[in-house]
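Chemist: Provided below for reference: sequence and predicted model.
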Amino acid sequence: MAATAPDPAPAPGAAALALHCGHWFDAKAGQRLGAATVVVQGERIREIKPGRIEVPGATAIDLGDATCLPGLIDAHTHLSLTTDADPLRWNLADFAVRSVVHAQRTLQAGFTTVRDMSDINNETVALRNAVDAGIVPGPRIFTAGRPIGSTGGHADWSVGLRADLQRDLGPNNGIANGPDEAMKAVRQHYKDGVDTIKIMASSSLFEDQPGGAIPHMTLAEIKAVADTAREYGLTVGAHAHDPESIRRAVLGGVDSIEHGTFIDAASAELMKLHGTWFVPTICVGKIVAENADEWGSESPQEAARMRTFGNLMQAGAGRAYKAGVKVAFGSDEGACPHGENAREFVYMVEAGMPPAYALQAATTHAAELLKKSADLGTLEAGKFADVVAVPGDPLQDIATMRKVVFVMKGGRVYRQDDRPVAAN
């Protein structure tokens with residue numbers, strides 16, 4: 001695991017580092033170029049020089065023939081959650097402690113920035129603050145905290161409990177019924193210190209609903225969320241599986257559709273028209289399909305349903321890409337195992353996306369979705385010194401993205417020679 005030493009604050013005049021890369025990925029152009037020297041000063045990239053250049057006064061780090069890329073961005077994670085999470089038995093502290101370990105795994109896998117798309121009770125806000133303060137190592141976190149949804153919907157944690165355990169939750173808990181409560185829920189989230197908003201516009205894929213999913217929020221509620229979030233400078237991602245939920249979310253003004261399992265030609269065209277991002281999270285579909293017999297063991301019909309719907313996510317991602325919808329990388333880490341986010345690259349390419357496009361989805365595209373292109377997404381002078389390296393050529397073998405050998409975040413090295421860097 002990564003060291004638990006704090007991130008040092010960049011000191012004025014800090015010693016420079018010179019990263020010698022055998023090749024580097026130009027994320028803007030989508031091309032793998034030749035050798036380069038990335039000069040890092042403090043937490044930022046000072047310059048990039050073609051070839052292997054000795055930089056006077058700089059400490060050299062030789063990455064051999066490895067390919068350097070911008071720090072990867074996963075736009076859909078759940079750092080405090082796992083498939084075996086037990087909200088009825090685990091305390092909030094249990095989720096928080098686990099999130100620290102998951103954050104380290106994520107960083108070691110080369111993901112230097114994540115958008116966390118819902119937790120139990122804002123524990124990832126605390127995790128973000130701890131990472132920012134240098135208390136624990138982890139990726140740069142933009143978190144939604146608790147999701148926003150409707151009574152009885154996918155954000156209502158008391159669904160399915162016996163009657164005396166159920167709660168009539170409200171905006172303070174992320175449950176909103178009607179535009180006024182939706183507005184209040186966003187304002188409460190802003191008060192809680194979130195960076196973005198996650199809404200549950202549809203049911204879960206595996207709830208017992210016709211077609212696999214149904215809408216859980218009205219267009220008026222979604223519009224109230226999006227309008228209010230925009231006033232506070234927050235983006236909105238919508239969990240939406242079915243075409244009608246996608247339609248409402250896009251017309252309501254969200255920034256991204258998450259999952260989109262049943263995306264069809266009409267909803268893809270609407271997303272393209274409005275410039276709405278698509279974060280397909282194929283990995284979670286694959287995980288569900290792979291575990292269908294175990295997770296659906298009480299019913300052969302449920303197991304079959306999990307296999308079918310899980311595999312539909314990849315097909316939907318391919319349809320969206322071919323239709324010209326903008327795609328950003330998201331693994332649904334938490335359902336997809338922590339630290340194995342890069343599986344998503346392989347599934348994206350299998351869905352028909354070129355390897356260069358898949359890499360852009362986790363760099364320039366994700367940075368644009370987060371509205372952080374000025375700081376993230378490319379290897380350029382002035383950007384954060386977030387650099388990862390992989391052996392070989394990911395444009396020829398995308399699976400090499402699962403073999404990250406070097407990780408730098410904000411000018412600090414966390415992984416080198418394929419090993420975590422020890423505390424200092």
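Modeler: Ah, there it is.

Chemist: Can you point out the buried residues in the helix or strand bottoming out on mean pLDDT in the chain?
Modeler: Taking mean pLDDT, DSSP states H and E as the measure, the helices and strands of the chain show their lowest mean at helix 292-295, namely a mean of 81. Across helix 292-295, burial judged by 16 or more other Cβ atoms under 10 Å covers 292, 295. C-beta: built from backbone N, CA, C; applies to glycine.

Chemist: So which residues lie in contact with it, not counting its own?
Modeler: For helix 292-295, contacts defined as Cβ atoms under 8 Å, 6 or more residues apart in numbering pick out 288, 303-304, 306-307, 310.

Chemist: Columns pLDDT and neighbour count on top of the residues you listed, output as TSV?
Modeler: Compiled in TSV, the contacts of helix 292-295 are given as follows (pLDDT from 0 to 100; neighbours: other Cβ atoms under 10 Å):
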residue	pLDDT	neighbour count
288	87	22
303	82	18
304	83	13
306	81	23
307	83	17
310	76	23
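
Chemist: Residue 366 is in what secondary structure piece?
Modeler: Per DSSP states H and E: residue 366 is located in helix 364-369.

Chemist: elements contacting the helix ranked longest in the chain?
Modeler: The single longest helix within the chain, with elements called by DSSP state H, is helix 300-322. Secondary-structure packing of helix 300-322 (3 or more Cβ pairs under 8 Å, 6 or more residues apart in numbering; DSSP states H and E): helix 265-274, helix 282-290, helix 292-295, helix 343-350.

Chemist: quick one, it and helix 282-290 angle?
Modeler: Compare the direction of helix 300-322 with that of helix 282-290 by axes from the mean of the first three to the mean of the last three Cα atoms, to 10 degrees and you get 160 degrees.

Chemist: before we move on, back to that, then the helix holding residue 366 to PDB, C-alphas only?
Modeler: Output of helix 364-369 as PDB, limited to C-alpha atoms (Å, rounded to 0.1, in the frame of the first residue of the first chain):
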ATOM      1  CA  THR A 364      -9.000  15.400 -21.200                       C
ATOM      2  CA  HIS A 365     -12.700  14.300 -21.300                       C
ATOM      3  CA  ALA A 366     -12.900  13.700 -17.500                       C
ATOM      4  CA  ALA A 367     -11.100  17.000 -16.800                       C
ATOM      5  CA  GLU A 368     -13.600  18.800 -19.000                       C
ATOM      6  CA  LEU A 369     -16.600  17.100 -17.200                       C
END
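
Chemist: Stretch 410-418: which residues count as buried?
Modeler: Buried residues in stretch 410-418 (16+ other Cβ under 10 Å): 410-415.

Chemist: ok, now stretch 153-170?
Modeler: Here stretch 153-170 shows 153-158, 169 as buried, counting by 16+ other Cβ under 10 Å.
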